[in-house]
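Peer 1: Need a 3D model of the sequence below.
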Amino acid sequence: MDIKRCTAKYDSSRDNEICVNPPKISGNYYKMKDTLQFIVSSIVDNAEAVHIDEQETDDITNLIITVDKEDMGKIIGKEGKVIRSIRNIMKIKAIKNNKRINISIADSDKK
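Peer 2: This next block holds a predicted model:
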C-alpha cells in the first residue's frame, strides 16, 4: 500500500493508494491544535461544526474539542476507545515537542 500526499479525497477505485491531507505547516512544526482538528474532522460527519479551543496554563496545553451533538458518540467511541486513541496519538506529538497536553470534550448544547 502506497501512502502519498494529495489534495483529492480518497478514491475507492484505487485501493492501493491512500491520500493524506496533513494540517497546515508553520515551519517544520505542526501545531497540536491543527493536528487534533484534522483527526477529529476526519472522524465526524459534520466537519464544519468541529471547534478546538486551546488554552495554555503553565507548562500544560489544554485542548477542548467541541462537536455536533450527533457526532459526540463517534468521538467518544465504544467504551471511550476512540477518544483514548486520539489522546494517545496527541501525547506522542506532545512528547516530541517537550510539552504536556490535556484533551477534553466540551458539552455541546447544539441540536
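
Peer 1: Pass me the low-pLDDT residue ranges in this protein, would you?
Peer 2: Along the chain, segments meeting pLDDT under 70 span 1-30, 108-111.

Peer 1: For the longest helix anywhere in it, which outside residues touch it?
Peer 2: In the chain, with assignment by DSSP state H, the single longest helix is helix 81-96. Contacts to helix 81-96, defined as Cβ atoms under 8 Å, 6 or more residues apart in numbering, come from residues 30, 32, 35-36, 39-40, 43, 61, 63, 74-77, 100-101, 103, 105. To be clear about C-beta, it is placed using only N, CA and C from the backbone, and glycine gets the same treatment.

Peer 1: Those in strands, which ones?
Peer 2: Here DSSP state E is the test, and the contacts of helix 81-96 give 30, 61, 63, 100, 101, 103, 105 as lying in strands.

Peer 1: Which among these count as buried?
Peer 2: Neighbour-count burial (16 or more other Cβ atoms under 10 Å) is assigned, among the ones in strands among the contacts of helix 81-96, to 30, 61, 63, 101, 103.

Peer 1: Excluding chain neighbours, what is closest to the second one?
Peer 2: Looking back up the chat, that one is residue 61. In space, and not counting its chain neighbours, residue 61 is closest to residue 101: 4.8 Å by Cβ to Cβ, 6 or more residues apart in numbering.
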